[in-house]
Structures are given as structure tokens and as C-alpha cells.
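Visitor: pasting the structure only:
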């Protein structure tokens, strides 16, 4: 461990140290506002240290972590999403009675887990990261503590986490038994040294995919998703949908590239089936939903399916997967945080605005909020002017390049279905009704965050070059710089 | 530069209209009129260039380029030739008509209405001007959203379903086109090693023999859904019927033309071989569309639905003409586009005016209007006659040229399509019969066409007559563009 790796790991250290600071702060005096303040300061500081870390990268910091352009890009993405979620949490919980000081603390530890995940290059850090993330999330979902639905959601998530960890560990064990390696590059070395497909490694990888499939809520493993999204507080749902899934997906991609698991073609067939099921299933299940949070949950299943299409294409044509996946994830992060942000602005801990009737006539009651939500939904549907469209364009390009015509067709059909339920919300928002008074309290933090997210969404949708160039550099570094 | 200005003025005008609603509820419509006037003035310049086109080496008289997403070779590339100039002019003209027909009809949220109207026009401008396939697709999608809002907020009783169906049909079909565009670009990339979405770069892409068919089909489906053509037309009657009058005018007058424009500009020049092989199928579909929609139109009892089906019928003619791919038929298609834009828009305006007075679109509840509203009835008669193709008016020239051009390619189909000329008077005259003649119905006190209606409909009537009497002026503008399109595909055709 030298100074270089220390600097490279500074973002993680900053988040960890902030978590400790928040904890000590709570011990001295309980104050939600200051706890959120310290946490936000820590995340900002961590973002600031990224600048230094870029100069040191790529570096192998300890045996477990690798800090390169790819991980730094995802660290930046995750930290920004975490900051936004923290802001929404603050507005959501600040006026409500109860003790929420531990919430920013848990948010920080969950973020730390996610950061470890995107840096990890070893099964040990892989598992540690996943567990830090999972355990923090389990408690987070339980907020507010005195209600039944969050508690139920938290329990479901706990059971799911346990099951998926079991799958993962079994998979790792099988691979280790065959390769004798825990480091990704070691496994990669084993893979490239053998020509034929090894059944043990194949089943190990399948088990890992199943474990991660739970976390990503891909189709056969998605059953928990709507319940957890519905039960958790809206900002926490945003966190599950973005930070948790994004980090896991980034890890999956890194694992497949650096261990050369793409060479195992049967895996691609499995992925194709999962992707097709997720796209069609997620969209079909969302069609009849009247609950906006459940609807967003099902739509997130479909979106993970789209992502997987780009992921599979990466195994067939050379290059492009990292680029498409990273762009799509960035767009998805902005959109999903924004959409859940709108839901959380309209909700209170005692009454979640998750029924579609809460949005009736929103256009005429709160035009700016409704316009933001409309843009977010259009982005989820992949309509131009929004980041989601460019993301979808990347997916299409990848799929065409990999000649995945069947999956491309599934994506088109899925988008058509998706339009139906996204537009349904927009129609409800534009209906003419007399104002029904639900919560009108405004928080400047949420307002600012939503404004920033909307500007980003439209800016990336209209002028994607800047982000595209960064991502291109990152993906080049990832795919050729190993 | 002027092309970018054309689009930007509309965008700015849209936002200005939205915000002007703050100080006066009637301000947005004046802002919209002002915006369209500026557009009309901007169009004068290309026309002066076009008139001295004899000296121009290329068919394109204006261009605009800015790099946009260099990673994929995407640029903000706009260009204008005779074809786009004519269609843009039609768009501006019908833009005025849409504002005029919405003048009193739209009573709530006028700011947002005119914002959507102008945004929709901006999208259509983008479609007619873009020569970068990505930009084209961008605008193609973008014009749908404001139209969706126009239908779903200000439409009639069944608006939500109609708007949803309109959106999903066009969106899914356009995703097929996106896939086709990307496939085309990747094939070009494989051939030349560079990514480019530029129309001029992609024109001479070489395909393996059976590959070209699939991307061609993607484009074809997207454009024929918009056109619309027979199996894909089911969104249209609902959307037209439920839209507010201004929306119907834009939808029937201009938006359907984007499909025809796409076929003419992209499908055949980009995939000459595949399109040539596919031409008999497309022409058959066009002829069947024309006939079937004419028969169905006759069976309608809802005035706007009837007009909507006549649109499908005329679009079938255009499809027939485009895939005949000789200068005569192409010129005919262009004239039909313009003439149908004018006559269908006028008929929708009359239907809107009637609905405003009678609160019904059912023709069974009308009748005897000639005595109550002679002016409006006369106009209805005039535009029905135009729509059925009376010589001396624009539609006649278009249909005649299309049939003559198609006859030299495929006699059977041209003869079948010509049967529509018998069916068209049947539906047009039955419309007049049911609406204007017969015993006067219960209506006691009806106001005839006012000054605003006379001016706007009179303007359209003049345009229709002018198009019928001196089509040469229009043909001269479109000829170089069409010749160039034919030249590009001539190598293999």
C-alpha cells in the first residue's frame, strides 16, 4: 500500500470517514439536519478527491481493488446519485416526527458498498461490497420505522439478499475449486489457457449470474421488486433502482470482461433468454398498474433487460458494450432519480403519493413539477430531446452491431408497450380537474435537485457529445487497457 | 443559415406564445400569427433563389451544417431543395389555417395550445429539411409529442384513446425505422470504415443482394404507417376525428405528407434495388388503399371520419405515384400532396366550423344547411369538388399525372386505381347531399361564415384554383429536385 493507491482510494476513504463522522455526530447530538449536512459534505469531498484519483489511475490499490477510469467514472455517477437521493431524503423526512438521523449514515455505508463493488477486482471485495450495500439497504428500506409496509418490504429484501448471497458464494466456490484463483485476472488467465468449456466454471458463473440477477431484478428473479419499491420510501426506492443496480451492473460487466467469461457462449444464450423475459415481462406487468411506484418498479425490470441487450452484444462484437452500458446507465440514473424525486416531492412518510389518482390534473396545479415528471417519463420511454433517447440509440446500435435481431425486436415491442403506461400517467396529469389538495409543502433542496436533473436530462438529450466522449475514453481504457 | 433560422423562429415563437399567456389569454394566438408571418417572409428568399435555378448546378439551394455527435458522424445537417421548399410553404400556409380555425375554438390554456402547435410545426420543418438520418429521426419523433398533447388535451369526447393509439402506432413503426437507419449506417461503416448518418454519404451504399430488403422494409413501414397505407391506417380515422380542428388541419394537411416525403426522399434513393423489386407490392397496396378507403368513406356517418377516409384514399394515390418512379408520376404525387393538403385542411376547417355551430359531427343531424348558411355551404361544395378531382382544380392535375405515370409502369394497377375516380364523386356528393340539401333540420338560428373564415377558406380556394390552372409554376420548382432523386437511383434502376 503506497501513497498512490491511497490517493486513488481517497473517494472511498472519504465516504467511510464521513460515515464515522456522522455516527459520532449523532452520539453527541441528534439532529437530522446536521447529519444530512455532514453526509452531503462528505460526498462532495469524495467527489472532489476524484480529481486527484484520476491522475493516479489506473492503479492496483491493494490486491482487492483496481482503480481505473472505468471505476472512477462509476464512482462519480454513484456519488452524484447518492447526493441527489440524500437531498430528496432530507426534504422527505425533515418535517416528519421520528428519529431519522441514522438514515444519512446508512446511505453513506450503502454508497461505500457500491463504491467497493465498482472498484473490486477480486471475489473477496466483490462479496464484501455486495454485503455492505445489501445490509445497509435492508435497514434503509425499513424507514419510517413505525409502519407496516416498509417493514414488510425490508424483510422481503433481507430474505432476497440472503438467497442471492448464497447463490453467489456457491458460484464463487465452484469457480475457485476449478481455477484455484479468486482474483479476476487469475480467473481470466485460467479461462484463456483452456480451449474447451469447463462445466464447473460454467455452472459457477451461472450461479453468480443468478445471484446478481436478484440484485438487478432481472426477469425470473424479479418477484421482490414491486413490493420493495412500493413499501420503501420514495427516495430510498430511487436509491435501490439506481445506485444498487448500477453498481452491480458495473461489476458484472467488469467481471465478464476481465475474466473473459464472454468466451463461454452458452452464457450468452442464458443472458438472451433473461433479457427477453425481462423486457417483455417487465413491460407487460407494468401495463395494468395503477400504482406509480410499482409501475416504475416493473419499468426498471424492463430497463435492466435493455441494458442486458447491450451487454450481450459486447460478447459478440468487439467493443461497444462498455460504452453503451455506461451511457444507458448514466441516462437511466438521471431519469430514475428524477422520476422518484417527483414522487418523493409529492409524498410524505405518512402518505406516499403512489396511486395514479394523486397525479390527476398535476399539470394545472403544479406545472413545473408535472413538466419535470413528463420529461422523466418521456426519457424512460426513450423519446428524443431526453437523455433516454440517446441511451436507447446506443442500445439499438449495440444490438445491430451484434446482430441480435430477435432482442432488437423485443426492445422495439417493449418500447411500444412501455409508451402505453408512461403516456397513461401523462394523460392523467393533463386531465382537467378541480384542485384536490394533497401535500403542498415545498423544499428548496428537492426543487433545486429536480431542476438540475431536468437540465442535465435535456442537455444530454440534445448535446450528448461531451458525455459520449468521456464514456468513449473510459470504455477504451476498459476494453483495451487491461 | 436561413434553414436554421426557419426552425429556430418556430421554437422561439412557441415559447413566446406559452409565456405570453401570462399577460393576456388572447396574446398567444397573436404571437403565433406573428411567428408564422416571420416564417412566410423568410421563405421569400429561397423562392427568389429557386426562380433563377436555371443557373444553379445542384438542385439544393440552401444548406446548413454543424457537427453534433462526432462520435457517430452525426451532424445538424439541413438542406433544402424544391421538394422541401414546396412542402415547407404548404406547412406555413396551413399553419396560418390552423391558427385561424383555433381562433375561437380553443378557450382554455391557449398558451400551451399554441406552444404545442408551433412545436409541432417546428418538428415538421425539421423533417422536411434534415438530411442527416439521425436528425431526421429526431425530428420525426419530435413532431409526434406536441400532436399527442393537442389531441389528448383539446380533443373531443374520445380523445385519450385516439391520442394513445396515434402515438403508439407512429412510435413503434419509427423504432423499426431507427433500427433500419442503424443497420444502414453499420453496413456503410463496414464498407468504408467511417460512421456517418449523412444522407449524401449513405446514398451510394453498396449492399449484399438480399440484405437491402430489411432496412428498406423498416423505412417503408414507418412511412406507410404515417401515410397511412391500408393495413396500418386504423389510427388515422380516430386521431383525425378526435383532434381539435387546428390539430386535424396539421395532421391531414402536413403530417401525412411527411410519410410521402420520406418514401420519396429516403426509401427509393437509398435502396434503389430493393425498392425496385418491392415496387409492385407497394403499388398494389397503394391502389387497394385508394379503393378501399373510398368505399369506406362512403359508409361513414361522422363528417370528420368521412374526410379522414378520403385522406387515406388520396394517400394511396401518392403511394402508387411514388413507386411508379418516373418523372410524370412523381410530379403527380407532389401536386397531389399539395392539393390534398389544401383541400383536406379546408374540409376539416368546414367540419370544425359546423361542429362549433351545431355541436355535432353526425351528418344525420345536419341537412338543409344551404338555406341557413349559404356561404359556408358553397365553400363546402367547392372543396368537395376539389377533393373528388374536378378538372381545373389542383387534385385533378395530381391524380391525372399519377395515373398517367403509373399506366406506363403497370397498366392493371393504374386501371384499378382509376376506379377511385368513380367512387370519389360518390362520397363527395353524398357528403354535400347529407349536409347541405334536404329538409332543414331543427336549427333555428345559425351564423354564416364570418370574415375570418371567409379570408382563410378563400385563400385556400384561391390556392386550389391556382394549382389547378397553372401547375407549371409548381412543377418547375420541384422538377430539379425530383430529377436529382431519380438520377441517384438511376444507376441501378
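Guide: Sure thing, it's come through. All figures in this text were calculated on a predicted structure; none of them were measured in a lab.
Visitor: Contact residues of chain B facing chain A?
Guide: Contact residues (CB under 8 Å from any CB of the partner chain) of chain B with chain A: B:68-72, B:108-109, B:134, B:137-138, B:141-142, B:145, B:148-149, B:152-153, B:160, B:163-164, B:167-168, B:171-172, B:175-176, B:178-179, B:182-183, B:186. For every residue, glycine as well, the C-beta is placed using N, CA and C.
Visitor: among those residues, which ones are buried?
Guide: Among the residues of chain B next to chain A, those classed as buried by 16 or more other CB atoms under 10 Å in any protein chain shown are B:68-69, B:72, B:109, B:134, B:137-138, B:141-142, B:145, B:148-149, B:152-153, B:160, B:163-164, B:167-168, B:171-172, B:175-176, B:178-179, B:182-183, B:186.
Visitor: Give me the subset of the residues you listed lying in helices.
Guide: If you go by DSSP state H, those have B:134, B:137-138, B:141-142, B:145, B:148-149, B:152-153, B:160, B:163-164, B:167-168, B:171-172, B:175-176, B:178-179, B:182-183, B:186 in helices.
Visitor: confidence score at the residue in the stretch 351-493 of chain B positioned nearest to chain A?
Guide: For the stretch 351-493 of chain B, the residue closest to chain A is residue B:359, as judged by CB to the nearest CB, at 18.8 Å. pLDDT recorded at residue B:359 is 83.
Visitor: Give me the neighbour count for residue A:23.
Guide: The number of residues packed near residue A:23 is 16, by other CB atoms under 10 Å in any protein chain shown.
Visitor: For it, give me the pLDDT.
Guide: Per-residue pLDDT puts residue A:23 at 93.
Visitor: who's in contact with the residue nearest to it when sequence neighbours are not counted?
Guide: Distances taken as CB to CB, 6 or more residues apart in numbering or on different chains place residue A:105 nearest to residue A:23, at 5.8 Å, with adjacent residues excluded. Residues near residue A:105 by CB atoms under 8 Å, 6 or more residues apart in numbering or on different chains: A:19, A:22-23, A:26, A:35, A:39.
Visitor: what about residue A:105, distance to residue A:114?
Guide: With the distance defined as CB to CB, to the nearest Å, residue A:105 ends up 15 Å from residue A:114.
Visitor: Just the buried positions in stretch A:88-95, please.
Guide: Under 16+ other CB under 10 Å, the buried positions of stretch A:88-95 are A:88-93.
Visitor: Just those residues: which are in strands?
Guide: Using DSSP state E, the subset of the buried residues of stretch A:88-95 located in strands is empty.
Visitor: and stretch B:215-232, what's its mean pLDDT?
Guide: Here the average pLDDT along stretch B:215-232 is 89.
Visitor: Name the single longest helix found in chain A.
Guide: Every helix in chain A considered (DSSP H), the longest is helix A:148-179.
Visitor: Not counting its own residues, what contacts the helix or strand just after that helix?
Guide: Later in the chain than helix A:148-179, the nearest helix or strand by DSSP states H and E is helix A:184-193. Residues from elsewhere that reach helix A:184-193 (CB under 8 Å, 6+ apart): A:121-122, A:175, A:178-181, A:201, A:254-255, A:258-261, A:263-264, A:482.
Visitor: 6 Å instead?
Guide: A:121, A:179, A:181, A:258-260 (CB atoms under 6 Å, 6 or more residues apart in numbering or on different chains).
Visitor: try stretch B:95-107
Guide: Outside stretch B:95-107, the residues that reach it (CB under 6 Å, 6+ apart) are B:29, B:32-33, B:36, B:113, B:121, B:245-246, B:249-250, B:345, B:349, B:352, B:452, B:456.
Visitor: Kindly report the same for stretch A:406-416.
Guide: With CB under 6 Å, 6+ apart as the criterion, stretch A:406-416 contacts A:275-276, A:279, A:283, A:302, A:306, A:309, A:382, A:399, B:168, B:172, B:175, B:179.
Visitor: how far out from the middle of the chain is it?
Guide: Averaged C-alpha coordinates place stretch A:406-416 at 22 Å from its chain's average position (CA atoms, centre = their mean, to the nearest Å).
Visitor: Report the buried residues of that stretch.
Guide: Within stretch A:406-416, the residues that count as buried by 16+ other CB under 10 Å are A:407-408, A:410-416.
Visitor: and the residue of the stretch 351-493 of chain B closest to chain A, backbone torsions?
Guide: The phi and psi values for residue B:359, taken as degrees, to the nearest 10, are phi 60, psi 30.
Visitor: so how many other residues sit close to it?
Guide: Residue B:359, neighbours per other CB under 10 Å, totals 8.
Visitor: what's the answer for the one 10 residues further on, then?
Guide: Here the neighbour count serves as a burial measure; for residue B:369 (other CB under 10 Å) it reads 25.
Visitor: Farthest pair within the contacts of stretch A:406-416?
Guide: Farthest apart among those by CB to CB are A:275 and B:168. That separation is 22.4 Å.
Visitor: Format the contacts of residue A:105 as JSON lines; extra columns: secondary structure and distance to residue B:427.
Guide: Shown next, in JSON lines, are these (DSSP: H, G, I helix; E, B strand; the rest coil; distance: CB to CB, whole Å):
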{"residue": "A:19", "secondary structure": "helix", "distance to residue B:427": "75"}
{"residue": "A:22", "secondary structure": "helix", "distance to residue B:427": "75"}
{"residue": "A:23", "secondary structure": "helix", "distance to residue B:427": "79"}
{"residue": "A:26", "secondary structure": "helix", "distance to residue B:427": "78"}
{"residue": "A:35", "secondary structure": "helix", "distance to residue B:427": "73"}
{"residue": "A:39", "secondary structure": "helix", "distance to residue B:427": "70"}
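Visitor: of these, closest to chain B?
Guide: residue A:39 (36.3 Å).
Visitor: Just give the nearest non-adjacent residue to that closest one, would you?
Guide: Closest to residue A:39 by CB to CB, 6+ apart is residue A:104, at 3.7 Å.
Visitor: and what of residue B:319?
Guide: Residue B:319 sits nearest to residue B:286 (CB to CB, 6+ apart), 3.2 Å away.
Visitor: any idea which element the one you found lies in?
Guide: Residue-wise, residue B:286 maps onto helix B:272-298 under DSSP H and E.
Visitor: and the gap between residue B:16 and residue B:7?
Guide: Using CB to CB, one gets 15 Å for the distance from residue B:16 to residue B:7.
Visitor: residue boundaries of the helices in the stretch 201-350 of chain B?
Guide: Using DSSP state H, counting those that start in this stretch, the helices of the stretch 201-350 of chain B run over residues B:213-226, B:235-242, B:245-250, B:256-262, B:268-270, B:272-298, B:303-324, B:327-358.
Visitor: For residue A:70, find the nearest of the ones you listed.
Guide: For the helices of the stretch 201-350 of chain B, proximity to residue A:70 was assessed by CB to CB; helix B:213-226 is nearest, at 33.6 Å.
Visitor: host element of the closest residue to chain B within chain A?
Guide: Among the residues of chain A, residue A:416 lies nearest to chain B; the distance is 3.9 Å by CB to the nearest CB. Secondary structure from DSSP H and E places residue A:416 in helix A:405-429.
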